[in-house]
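1. what's the 3D shape of this:
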Amino acid sequence: MQTSEATTTLPIVTGCAQSDYQRAIYDNETWIFLQKAYLETQDKYATISESYLGVKSIRVPYEVKEGKRGRGVVMTGFVEEGTQIWEEYHHAEFRSEKRFRKFMKKLPYALQCEILLWAYPQGRKRASVDLDEGSFINHSNDEEERNFANSGRASRDIQAGEELLMDYGSFIAYNQNKWFDEIRSAAWAEKTEEDPEDETGTLYETTDEYNLLGAPKQIIDTQTCVGDTCPSLDLN
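-> Here you go, the predicted model:
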C-alpha cells in the first residue's frame with residue numbers, strides 16, 4: 001500500500017519532562033552520530049554535507065557550561081562585533097513530517113527528547129534543528145543582552161565570560177506547523193493534577209511558551225560522558 005508524504009501526528013516520543021534522562025554536554029562523537037543519522041534518512045534535499053561531518057561549527061574560543069538557562073555557549077575570549085562565530089554546517093532541515101520521523105527512529109530515547117527540545121518549526125510544513133553545539137545557544141527577551149545574530153555573527157562586542165544569546169522569535173514559526181507543534185508538545189508535556197494522564201501537551205504561540213517546554217535538568221560531567229558511555233544513551 002502506498003502512503004503519502006504526510007503521516008499521522010501520533011507522538012514519536014512522550015514523557016520527556018517526567019523522565020530521568022540526564023542532559024549532557026555532548027562530545028563530538030555524539031554530534032557525528034546525529035549528523036550521520038540525518039544524512040541516512042534524507043533525500044537529495046538534505047542540508048548537511050558529508051564533507052562537514054564532525055567539523056566544529058563554532059569558530060571562536062568557547063566552552064559549553066551549565067547556567068541559569070541550562071546548557072549554554074560561553075565565550076572564553078573577547079569577540080568583536082561582526083565576527084563570524086558560528087557556521088551552519090550542521091543545520092538540518094526536514095521538508096516533511098515523514099522525513100522527520102525517519103530521522104527520529106534512528107535515535108535512542110534520550111536523543112529523541114533532546115531533538116524535540118532543540119528543533120523548531122519553519123513555516124507550515126518544515127522543521128529544523130542544528131546538529132551541533134549551536135543548539136546550546138539560548139534565548140533572551142532582553143534586546144541589550146542579546147549578542148548573537150541569525151547570520152551567526154556577533155551583533156555587538158562580546159566579553160570573555162558572556163553567554164551567547166539570541167532572539168528565538170526572529171526565526172521560529174509559531175502556531176503554523178501543526179504536525180511538528182503537536183509532536184514536540186506531546187514529548188515535553190507536563191502532567192497536571194487536574195489531568196495526570198494527559199500527554200497531548202500545550203501548543204505555543206510565543207517564545208516564552210515555547211521555552212517553557214523542557215526545564216533544565218542535571219548535567220553530566222564531560223569527563224565521564226563520552227559517546228556511547230553516556231548514561232541512558234545507547235548509540236547502537
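
2. Count the neighbours of residue 124 for me.
-> 11 (other Cβ atoms under 10 Å). Yep, even glycine has a C-beta here, placed from its N, CA and C like the rest.

3. So it sits against residue 177, correct?
-> Yes. When contacts are counted by Cβ atoms under 8 Å, residue 124 is listed as touching residue 177 (5.7 Å).

4. which residues in the chain form strands?
-> 23-24, 62-67, 70-75, 91-94, 120-122, 126-130, 138-139, 165-166, 219-220 (DSSP state E).

5. And the ones you listed: which comes nearest residue 35?
-> strand 91-94 (7.9 Å; Cβ to Cβ).

6. for that closest one, packing partners?
-> In terms of contacts (3 or more Cβ pairs under 8 Å, 6 or more residues apart in numbering; DSSP states H and E), strand 91-94 is packed against helix 97-104, strand 126-130.

7. can you redo those as CSV with mean pLDDT, distance to residue 55 and mean neighbour count?
-> As requested, the helices and strands packed on strand 91-94 are exported to CSV (pLDDT from 0 to 100; distance: least, Cβ to Cβ, whole Å; neighbours: other Cβ atoms under 10 Å):
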stretch, mean pLDDT, distance to residue 55, mean neighbour count
helix 97-104, 97, 20, 21
strand 126-130, 96, 13, 22
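
8. out of these, which comes closest to residue 90?
-> Among the helices and strands packed on strand 91-94, strand 126-130 sits nearest to residue 90 (Cβ to Cβ), with 6.0 Å.

9. which helices and strands does that closest one pack with?
-> Against strand 126-130 (3+ Cβ pairs under 8 Å, 6+ apart) you get strand 91-94, helix 109-118, strand 120-122.
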